[in-house]
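Participant: A predicted structure for the sequence below; I have some questions about it.
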Amino acid sequence: MTKYNWGIIGPGNIARKFTAGLRQLENANLYSVVSRSKERAERFAQEYGYKKSYDDYRMFASDPQLDIVYIATPHSHHHEHSLLCLRNGKAVLCEKPFALNSIQVEEMINTARENKLFLMEALWPPFQPYYIKAAELISASYTGKVRYIISKFAFRAPYDPQARTFNPDLAGGSLLDIGIYPVIDTLRFLGKPDNIETSAVIAPTGVDESVGVLFGYNDGRGASLYSSFVNDGGICTDILCENANIILSRSRDYVQYLNVKYTNGEAEGYSYKPPAMGFHYEAAEVMKCLDEGLKESPVVPLSFSSDLINTLDRIRRKAGIIYPQEK
Ligand SMILES: NC(=O)c1ccc[n+]([C@@H]2O[C@H](COP(=O)([O-])OP(=O)(O)OC[C@H]3O[C@@H](n4cnc5c(N)ncnc54)[C@H](OP(=O)(O)O)[C@@H]3O)[C@@H](O)[C@H]2O)c1
């Protein structure tokens, strides 16, 4: 069994959860962490069991013992940090959204391909049992074709202009942070839309506090998507099919629920609480791909990440959401 040395950039909220995932995996070594602050890096390394800590991103990335980097900084920095690691020969698993816009994502993908390195966007849903089960039901034709999707991810986040959620310099706003999930679900189960309409509510900082989006498809299918930092809407995707309705929902602590109601009156449902909030699946996928010599994941291929960021760009153009870095 090949063991891989993992390093983390951005020891914050999600890095802690992801570390719990790594701990589930025998072939993952908790190797290094880098922060902008020496003290924070040392504290994180000590608390979570990483061997080395850095306060210099270049020294971290050029460590020859480091194999895979998990990028867990705010979205505004994913592009810069991914390129740094790829240019130092590391495999990269980068948090969602992959970057700010399509231009940045294409540069990341090109750099990975030119250097023959593995790159993947850290998307949680595609690896989860409830999601895999829903995809199986649809592809086995138990449900008939998907006709319409209603998907929302909404919760109240305290208003703080400096926080990652509302700060435009950190690419804040509900769409890129949580509205990405309804977009992921709709792309996964309906594909790229032909038309997009939006209705956004803009916070005083200039980022979207809520966005409603309508996807139209020329063959009559459609989707309604919603994200918000000011309404408690929960996390739920209804997939309306010819012969069934599939309801995928999850709690904010990552317990997942799948309910299927068939038009013939039958129903099935289950709930699942994955270990480590399900973050080990994506880490395991990276190492499986590396074991097999793959440069991208068949579960989250780079083409999906391209489609995802292109769609997010289209929504932002319609809604007039522009970040300071893009002006
Ligand atoms: N997959 C999921 O379920 C999930 C859930 C939540 C978040 N995420 C994604 O993970 C990323 C990080 O989210 P988070 O909630 O973990 O963020 P966070 O805790 O606010 O920040 C992560 C860390 O990034 C570092 N950082 C580096 N440059 C920074 C800068 N210029 N400003 C602020 N922080 C900076 C900070 O560490 P130092 O100050 O120590 O350098 C900070 O602790 C986001 O892109 C988000 O979309 C994914």
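Facilitator: Yep, that arrived.
Participant: can you give me the strands in the stretch 201-327 of the chain?
Facilitator: With DSSP state E, counting those that start in this stretch as the criterion, the stretch 201-327 of the chain has strands at 208-216, 222-228, 234-241, 244-250, 256-262, 267-272.
Participant: please save the CA atoms from the helix or strand harbouring residue 105 in CSV.
Facilitator: Element membership for residue 105 (DSSP states H and E) is helix 102-114. Backbone C-alpha positions of helix 102-114 (Å, rounded to 0.1, in the frame of the first residue of the first chain) are rendered in CSV as follows:
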residue,chain,number,x,y,z
SER,A,102,-13.5,30.3,-15.8
ILE,A,103,-10.4,32.1,-16.8
GLN,A,104,-8.7,31.0,-13.5
VAL,A,105,-10.0,27.5,-13.6
GLU,A,106,-8.8,27.0,-17.2
GLU,A,107,-5.3,28.1,-16.1
MET,A,108,-5.3,25.6,-13.2
ILE,A,109,-6.4,22.8,-15.5
ASN,A,110,-3.9,23.7,-18.2
THR,A,111,-1.1,23.8,-15.6
ALA,A,112,-2.0,20.4,-14.2
ARG,A,113,-2.1,18.9,-17.7
GLU,A,114,1.1,20.5,-18.8
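Participant: pLDDT on that helix, on average?
Facilitator: Averaged across helix 102-114, pLDDT comes to 98.
Participant: and residue 107, how far is that from residue 200?
Facilitator: Taking C-beta to C-beta, to the nearest Å as the measure, residue 107 falls 27 Å from residue 200. Yep, even glycine has a C-beta here, placed from its N, CA and C like the rest.
Participant: does residue 50 lie in a helix or a strand, and which?
Facilitator: Using DSSP H and E, residue 50 falls outside every helix and strand.
Participant: quick check: phi and psi at it.
Facilitator: Torsion angles at residue 50 (phi, psi; degrees, to the nearest 10) stand at phi -80, psi 140.
Participant: pretty sure it contacts residue 34?
Facilitator: No: in this structure, residue 50 is not within contact of residue 34 by C-beta atoms under 8 Å, at 10.0 Å.
Participant: between those two, what contacts are shared?
Facilitator: Here residue 50 and residue 34 have 7, 8 as joint contacts, going by C-beta atoms under 8 Å, 6 or more residues apart in numbering.
Participant: if we can go back for a sec, using a markdown table, lay out the strands of the stretch 201-327 of the chain together with distance to the ligand.
Facilitator: Putting the strands of the stretch 201-327 of the chain into a markdown table (distance: least, C-beta to the nearest ligand atom, whole Å) gives the following:
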| stretch | distance to the ligand |
| --- | --- |
| strand 208-216 | 14 |
| strand 222-228 | 12 |
| strand 234-241 | 11 |
| strand 244-250 | 10 |
| strand 256-262 | 12 |
| strand 267-272 | 16 |
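Participant: can you get me a residue count around residue 224?
Facilitator: Look at residue 224: counted by other C-beta atoms under 10 Å, it has 16 neighbours.
Participant: ok, what's across the strand from it?
Facilitator: Listed by DSSP bridges, the beta-bridge partners for residue 224 are residue 150, residue 214.
Participant: so which of the strands of the stretch 201-327 of the chain is nearest residue 71?
Facilitator: Proximity of the strands of the stretch 201-327 of the chain to residue 71 was assessed by C-beta to C-beta; the nearest stretch is strand 222-228, lying at 22.2 Å.
Participant: the closest one packs against which elements?
Facilitator: Packing contacts for strand 222-228, counted by 3 or more C-beta pairs under 8 Å, 6 or more residues apart in numbering; DSSP states H and E, involve strand 146-154, helix 180-190, strand 208-216.
Participant: how far out from the middle of the chain is that strand?
Facilitator: 17 Å (C-alpha atoms, centre = their mean, to the nearest Å).
Participant: now do stretch 227-234
Facilitator: Mean-position distance between stretch 227-234 and its chain equals 18 Å (C-alpha atoms, centre = their mean).
Participant: mind listing residues that contact stretch 73-87?
Facilitator: Residues outside stretch 73-87 that contact it (C-beta under 8 Å, 6+ apart) are 9-10, 12, 57-58, 61, 69, 71, 92, 94-95, 97-100, 104-105, 107-108, 111-112, 115, 117, 119, 164, 169-171, 176-177, 323, 325.
Participant: can you pull the residues of the chain lying near the ligand?
Facilitator: Residues of the chain that fall close to the ligand, judged by C-beta under 6 Å from any ligand atom: 10-15, 35-37, 40, 72-75, 77, 95-96, 122, 124, 164, 170, 177.
Participant: taking the mean pLDDT, what do you get for stretch 204-214?
Facilitator: Mean pLDDT, stretch 204-214: 98.
Participant: perfect, that will be all.
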